[in-house]
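**Q** Have a look at this fold, sequence not included:
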């Protein structure tokens with residue numbers, strides 16, 4: 001089983017960006033943790049990062065022929081991108097939205113995620129562990 005991991009805007013700055021909110025782990029360290037957990041679960045991972053809304057949509061579309069599901073951290077696009085929400089709805093596999101921080105405990109505008117409404121579920125607030133919990137949930141969804 002192959003799972004795509006798509007990291008949205010500003011996640012390339014992990015490790016230096018607002019460590020009190022996002023923690024000290026770099027994107028490479030987060031990807032390594034995801035890959036190690038995926039390996040233990042017998043899942044192949046393909047990780048991407050993009051700050052561009054259209055590229056995130058194209059990545060979701062490209063998974064149709066090669067992925068069983070997607071872990072998606074759309075970053076700030078989660079609050080604004082109806083286009084990404086439409087892409088999530090359009091693909092035939094489950095998408096689990098993940099966030100490092102608890103978006104519901106931050107600024108009021110962050111509490112509403114238009115992309116989460118299209119996703120199979122959301123995991124937020126556990127740092128890199130959000131991705132790991134999301135990976136377990138995605139595996140269960142695909143195997144159900």
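**A** That came through fine. Note that the structure is predicted; figures quoted are calculated from it, not measured. Numbering: from 1, shown residues only.
**Q** This protein: strands as residue ranges?
**A** Assigned by DSSP state E, the strands in the chain fall at 2-7, 44-49, 69-73, 95-99, 121-124.
**Q** Can you say which of these is packed in most?
**A** strand 95-99 (a mean of 28; mean count of other CB atoms under 10 Å). Placement of C-beta: from N, CA and C, glycine included.
**Q** Please produce CSV containing the strands of the chain, extended by distance to residue 132.
**A** Formatted as CSV, the strands of the chain follow (distance: least, CB to CB, whole Å):
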stretch, distance to residue 132
strand 2-7, 11
strand 44-49, 12
strand 69-73, 10
strand 95-99, 9
strand 121-124, 9
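**Q** Can I get these in TSV including distance to residue 83 and mean pLDDT?
**A** Output for those, formatted as TSV (distance: least, CB to CB, whole Å; pLDDT from 0 to 100):
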stretch	distance to residue 83	mean pLDDT
strand 2-7	14	98
strand 44-49	17	98
strand 69-73	13	98
strand 95-99	14	97
strand 121-124	18	97
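**Q** Please identify which of those is closest to residue 89.
**A** strand 95-99 (9.1 Å; CB to CB).
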